[in-house]
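Q: all I have is the shape, not the residue letters:
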């Protein structure tokens, strides 16, 4: 049993939890909790290491046994050491370190979502989860968007990162790859609360990318430059804007509705 917070394995995991650059350099990230580790199993991903504590439930212990049979390194650690690694109020007693998933982007996508400087981890995680459930083929993050593999995004996305292709690209690369090179090119829509036709009047049956702007400023000028047209979510009430994840969900499932006809 690991009992010291100074243990090299614990220090490694702590750096993965807290530092984006360290995650990128090591091509690894952390998932926490029984439900998320079950998603790891469902995705048939092999963790680098699993750590668990005595408070782990029977459901969690079955997971540990299953991964031990796969020859995954599983280490028991003291409760105080587990508490030092998590920022959740009620830790479930299990963490898994995973390599970044190698999920190829489709060569000819017809439904992408672009998170344009989404900085709130909860919003990005929810957008990822909605995208996965709606059959979005890939997610693009522009520079300035929160790290998709940070613990808070992984938790709010319920492990969507294990199944959904994700790329981080600048707008020049996005335009080249999905408008200038791809045939047929994707039609880019950006969200706005001030102008454009309502979302239900748009033709979402064509190959498209939905651009979801950040919480404070909305879509960036670079996004507007690349976009083909705006799309409005009518709000007859007294609020000026919608939460980014809510707006994304409305548009994503409008695409599903139209394409299910």
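A: On my side now, so go ahead. Because the structure is predicted, anything quoted here is derived from the model rather than measured.

Q: CA only for contacts and neighbour counts going forward, please
A: Fine.

Q: any weak-confidence spans in the protein?
A: Counting by pLDDT under 70, the chain contains low-confidence residues at 89, 193-196.

Q: buried residues in the biggest helix by length in it?
A: The helix that spans the most residues within the chain, counting by DSSP state H, is helix 244-259. By 16 or more other Cα atoms under 10 Å, the buried positions in helix 244-259 come out as 244, 245, 247, 248, 249, 251, 252, 253, 254, 255.

Q: same check on stretch 51-68?
A: 51, 52, 53, 56, 60, 61, 63, 64, 67.

Q: mind listing which of those residues are in strands?
A: 51, 52 (DSSP state E).

Q: export the buried residues of stretch 51-68 to JSON lines and tack on distance to residue 6?
A: Output for the buried residues of stretch 51-68, formatted as JSON lines (distance: Cα to Cα, whole Å):
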{"residue": "51", "distance to residue 6": "15"}
{"residue": "52", "distance to residue 6": "17"}
{"residue": "53", "distance to residue 6": "17"}
{"residue": "56", "distance to residue 6": "22"}
{"residue": "60", "distance to residue 6": "25"}
{"residue": "61", "distance to residue 6": "25"}
{"residue": "63", "distance to residue 6": "26"}
{"residue": "64", "distance to residue 6": "24"}
{"residue": "67", "distance to residue 6": "25"}
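
Q: for residue 145, state which of the buried residues of stretch 51-68 is nearest.
A: Nearest to residue 145 out of those is residue 51 (Cα to Cα; 29.5 Å).

Q: which non-adjacent residue is nearest the closest one?
A: Excluding the flanking residues, the one nearest residue 51 by Cα to Cα, 6 or more residues apart in numbering is residue 75, at 4.8 Å.

Q: over to residue 112?
A: Spatial nearest neighbour of residue 112, excluding adjacent residues (Cα to Cα, 6+ apart): residue 209 at 4.6 Å.

Q: and residue 36, what element?
A: helix 34-42 (DSSP states H and E).

Q: need the contact partners of that helix.
A: For helix 34-42, contacts defined as Cα atoms under 8 Å, 6 or more residues apart in numbering pick out 31, 46, 59-60, 63, 92, 94-96, 155, 158-159, 162.
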